[in-house]
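Student: Return atomic coordinates for the entry below.
(chains A, B, C and D)
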Number of protein chains: 2
Amino acid sequence: MIKEIINSIYRISSNSLAEIEKIVKYENYDKGISFIEKNKLNNKEYFLLEGVCKSYLINPEGNEITLSFFDENSVLSPYTTRTSNNRSLICFKSLTDIKLASIDANIFAELMVNNLEIRNFGNQVLRNELACKVDKEIGLASLTAKERLIKLREQFPLLENLVPHTDIATYLGITNISLSRLRKGLIK
Amino acid sequence: MIKEIINSIYRISSNSLAEIEKIVKYENYDKGISFIEKNKLNNKEYFLLEGVCKSYLINPEGNEITLSFFDENSVLSPYTTRTSNNRSLICFKSLTDIKLASIDANIFAELMVNNLEIRNFGNQVLRNELACKVDKEIGLASLTAKERLIKLREQFPLLENLVPHTDIATYLGITNISLSRLRKGLIK
DNA sequence: GACTTCCATTAACAAATGATAAGATGTGAT
DNA sequence: ATCACATCTTATCATTTGTTAATGGAAGTC
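Tutor: From the prediction side, this is the model:
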């Protein structure tokens, strides 16, 4: 049900909701699948119904650097912010088995132009995405790694039990060895 | 002239350009002025015509943390990405004397709805903003401070001669003492 | 000119993080 | 049950970065 996800971000009328539900499709992926790959075609907006996934990029050394985590009942980064010329700028990978709802990004863009409620919803998603990035940016620039871990735990309490610690370490901007040390230091 | 700025981002027809130019106003600020303040009303889009400015936030310790630098002939972060309920989420300060062109954000939003070219321009600005943030995010997560400084110098070669080093240090996520060390290490 | 005042640099020491390598644990396949 | 494989932890040492304090220089004020 994407209704709850949408309304938790910006409340819209059932008419507007119906317009979106008309074009929804569903996709399931096993754990460990890159369902959006860099430089490949992709023209969808996504809702994560079940499971956990991450957005990431490969750095020059060939390592995956986690950009964001996504928990169930959330919206993945909006199409316009991760796409240029229909090609994806970043990758998304399932970290558990996941269930997605997807809609065509072009049709959704039309709905945004023609429907004020949907436009407001879309813009709110956009602002949230930016706010998240600014928040992370500040954290990386002005918090210690330990403080960043504490903050991440507030956002995703179960994350360390669900996903490889390497993914968490690259998100925090440290090595997985350092993460292990921080975890130990936080036990007491 | 905002024409060159707009066309350097997304080429639009002279008709569309005229629609924007009709509503342009101009503002000048001396060095060191916070012309957008957090939690205050602001409803403008900005073009930076001359000078250098930064966006920033105050961290819990009361220090200004630089989010981005803006050089002449660039667009400042778009309204939707830095505003919620008409209140600014972040601050902007001039680091030199600056000349700005501004337009009403609500009128611009209407232009985006009604004019495909302007919509494409606006969306490109949005994508650029996100791409910048992702780029910085990756840098903070996977580069050393020295590498980040080298990258910043590629983007803004003269920055260290124009603005206080403290502003650069908080952008890089280090102290100004560390910045001084890195500068020395990069001289040879 | 003497005086602040602000900034950048440098030094010395402490703390945090990285790199490498070596165990330990758990899972799945056969 | 055993083996291989991946993952997390731990240990050791090197490097980077932070903290505090002192020094020096440039710009502005009186």
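Student: where's the nearest residue to residue A:175 once chain neighbours are set aside, which helix or strand?
Tutor: Once flanking residues are discounted, residue A:175 sits nearest to residue A:169: 5.9 Å by C-beta to C-beta, 6 or more residues apart in numbering or on different chains. Every C-beta, even on glycine, is put in place using the N, C-alpha and C of the backbone. Secondary structure assigned from DSSP states H and E places residue A:169 in helix A:165-172.
Student: does DNA strand D sit close to that helix?
Tutor: Yes. On the criterion C-beta under 7 Å from any atom of the strand, helix A:165-172 is in touch with DNA strand D at A:165-166.
Student: Please compute how far that helix lies from its chain's middle.
Tutor: Distance of helix A:165-172 from its chain centroid, counting by C-alpha atoms, centre = their mean, to the nearest Å, is 15 Å.
Student: same check, this time on stretch A:134-154
Tutor: Worked out by C-alpha atoms, centre = their mean, stretch A:134-154 lies 17 Å from the chain centre.
Student: what does it contact?
Tutor: A:68, A:159-160, A:168, A:171-174, A:178-179, A:182-183, A:185-186, B:57, B:59, B:61, B:63, B:65-67, B:89-90, B:133, B:136-137, B:140-141, B:170-173 (C-beta atoms under 8 Å, 6 or more residues apart in numbering or on different chains).
Student: And that stretch, what's buried?
Tutor: Residues of stretch A:134-154 classed as buried: A:134, A:136-143, A:145-146, A:148-149, A:152 (neighbour count, 16 or more other C-beta atoms under 10 Å in any protein chain shown).
Student: distance between the ends of stretch A:83-92?
Tutor: Distance across stretch A:83-92, first residue to last, is 12 Å (C-alpha to C-alpha, to the nearest Å).
Student: now what about it, what contacts it?
Tutor: A:34-43, A:53-58, A:64, A:67, A:76-77, A:82, A:105, B:127, B:131, B:134.
Student: Any quick ChimeraX command for the buried ones out of those?
Tutor: Buried residues within the contacts of stretch A:83-92, by 16+ other C-beta under 10 Å, are selected in ChimeraX with:
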select /A:35,36,38,42,53,54,55,56,57,64,67,76,77,82,105 /B:127,134
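Student: I figured the residue nearest to residue A:175 hits residue A:183, correct?
Tutor: No. Assessed by C-beta atoms under 8 Å, residue A:169 is found out of contact with residue A:183, at 10.5 Å.
Student: Who are the contact partners of residue A:170?
Tutor: A:56, A:63-66, B:141-142.
Student: So which bits of the helix holding residue A:169 are buried?
Tutor: A:167-172.
Student: In helices, which of the contacts of residue A:170 appear?
Tutor: Using DSSP state H, the subset of these located in helices is B:141-142.
Student: list the contacts for residue A:37?
Tutor: Residue A:37 touches A:88, A:91, counting by C-beta under 8 Å, 6+ apart.
Student: hang on, the earlier thing: touching DNA strand C at all, the helix holding residue A:169?
Tutor: No. Against DNA strand C, helix A:165-172 shows no contacts by C-beta under 7 Å from any atom of the strand, the least distance being 7.5 Å.
Student: C-terminal to the helix or strand of chain A with the lowest mean pLDDT, which secondary structure element comes first?
Tutor: Lowest by mean pLDDT, DSSP states H and E among the helices and strands of chain A is strand A:83-84, with a mean of 86. Next helix or strand after strand A:83-84 toward the C-terminus (DSSP H and E): strand A:87-88.
Student: pLDDT (mean, whole number) over that next one?
Tutor: Mean per-residue pLDDT for strand A:87-88: 92.
Student: Quick one: low-confidence residue ranges for chain A.
Tutor: Within chain A, the stretches with pLDDT under 70 are A:188.
Student: what's the spacing between the residue nearest to residue A:23 when sequence neighbours are not counted and residue A:47?
Tutor: The shortest distance from residue A:23 to any non-neighbouring residue, by C-beta to C-beta, 6+ apart, is to residue A:103 (5.0 Å). Counting by C-beta to C-beta, to the nearest Å, the gap from residue A:103 to residue A:47 is 8 Å.
Student: Looking only at neighbour counts, state which of these two leads.
Tutor: Taking neighbours as other C-beta atoms under 10 Å in any protein chain shown, residue A:103 and residue A:47 compare with residue A:47 leading, 23 against 20.
Student: Point me to the helix or strand that includes the more buried one.
Tutor: Following DSSP H and E, the helix or strand that holds residue A:47 is strand A:44-50.
Student: Name every strand pairing with that strand and say which way it goes.
Tutor: Strand A:44-50 has the following strand partners under DSSP bridges: strand A:74-75 (antiparallel), strand A:98-104 (antiparallel).
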